[in-house]
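Peer 1: just the structure for this:
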Amino acid sequence: MAGPQRTLMLVVRARRMVTSRSSPRARELWARLLDHDPESGAVLLERLDGSRTLASVEDDDVAMSALAGLMARLHSVPAPEVLRGLGDIARDMLASVPAAVAALPDPEDQRRLHGWASAVTELVGEPGDRMLHWDLHYDNVLAAEREPWLAIDPEPLVGDPGFDLWPALDTGWEKLHATGDAPRVVRRRFDLLTEALGLDRQRAAGWTLARLLQNTLWDIEDGRTTVDPSQTAVAEALPRH
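Peer 2: Next up is the predicted model:
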C-alpha cells in the first residue's frame, strides 16, 4: 500500500485542460490526467509524490540538470497548431509598453522597460515553433513512479525555447536572494540550460528579457509602479544583449 505521501493528487488550480491538444511525446513528460471536473476545474492526476519536488534536491546543478532534461524533451516536440503562439503574445506586449512606461515614475525603470521591449522587437519576427511549458520551475516538477520526475501545471504555448527559461532561472528566488549569491546562481543556471538545450545564448537572453517584460506589464496592470527588484536582478545576470 502506498504511504501517506504517495497519493493521487487532486489539483484544483488547473487553468487549462491540455492533454487532448498536446502530442503523445509531450504528454509523456507531464503527469497523466485520470479524470477532471469541467465545472470546477479540478483534475485528478496519476500517482505522484507531493512531498518531493525538484526543490528538495540540495545540489542546484543536479536539480537544474533534471529540469533541463524534461525541458529538452518537451522542446523537441513541434507544437500543435491549435495552441496560441508566442508571436501574438509578444506583439500584444509591445503594444502595451507605452502606457506601462507612463505608469513608472522612476526614469531607470522606464529605461529598463524600453530596453526589454527593444529586445522583444528584435525577436518577434521569429517567435519559434516548439512546445513550451511556460511555467517549468522546481515546484512544478514532482517525483513519480513512471519516471523519476514529471512536470505538472503546464501552460502550453508554441514558441522559442528561450521563452521557457525564466521560471527555471528564478525558481526559489527568496532563498537565493537571502544567500546574496543570486546573480552567480542565475548565470550558472543560464549557462547550464542553454548548453543542455543547445540554445543560442543571445536569443535565449532576449526571450528571457521578454519574460521580464511580460511579468512587469502584469505587475503594472495590478497597480505596481516600480519594476520588481527580482526582475532587474535576473536581467543584470544575463549575458549582455
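
Peer 1: only C-alpha atoms for contact and neighbour calcs from this point on.
Peer 2: OK.

Peer 1: L192 reaches S65, doesn't it?
Peer 2: Yes: the criterion here is CA atoms under 8 Å, and L192 meets it with S65 at 7.4 Å.

Peer 1: check the gap between the closest residue to I220 other than its chain neighbours and R188 for me.
Peer 2: Using CA to CA, 6 or more residues apart in numbering and skipping the chain neighbours, the partner closest in space to I220 is A100 (6.6 Å). To R188, A100 is 31 Å away according to CA to CA, to the nearest Å.

Peer 1: P154 and L213: what is the separation?
Peer 2: Using CA to CA, one gets 21 Å for the distance from P154 to L213.

Peer 1: of the two, which one has the most company?
Peer 2: The neighbour comparison of P154 against L213 (other CA atoms under 10 Å) goes to L213, with 26 against 20.

Peer 1: the more buried one sits in which helix or strand?
Peer 2: Using DSSP states H and E, L213 falls within helix 201-221.

Peer 1: quick one: low-confidence parts of this protein?
Peer 2: 1-50, 241 (pLDDT under 70).

Peer 1: nearest residue to W166 other than its sequence neighbours?
Peer 2: Of all residues beyond its chain neighbours, the one nearest W166 is T208 (5.7 Å), with distances taken as CA to CA, 6+ apart.

Peer 1: count of residues packed around that neighbour?
Peer 2: As a burial measure, the neighbour count of T208 was computed by other CA under 10 Å and equals 27.

Peer 1: how many neighbours does E145 have?
Peer 2: The burial count assigned to E145 is 12, neighbours taken as other CA under 10 Å.
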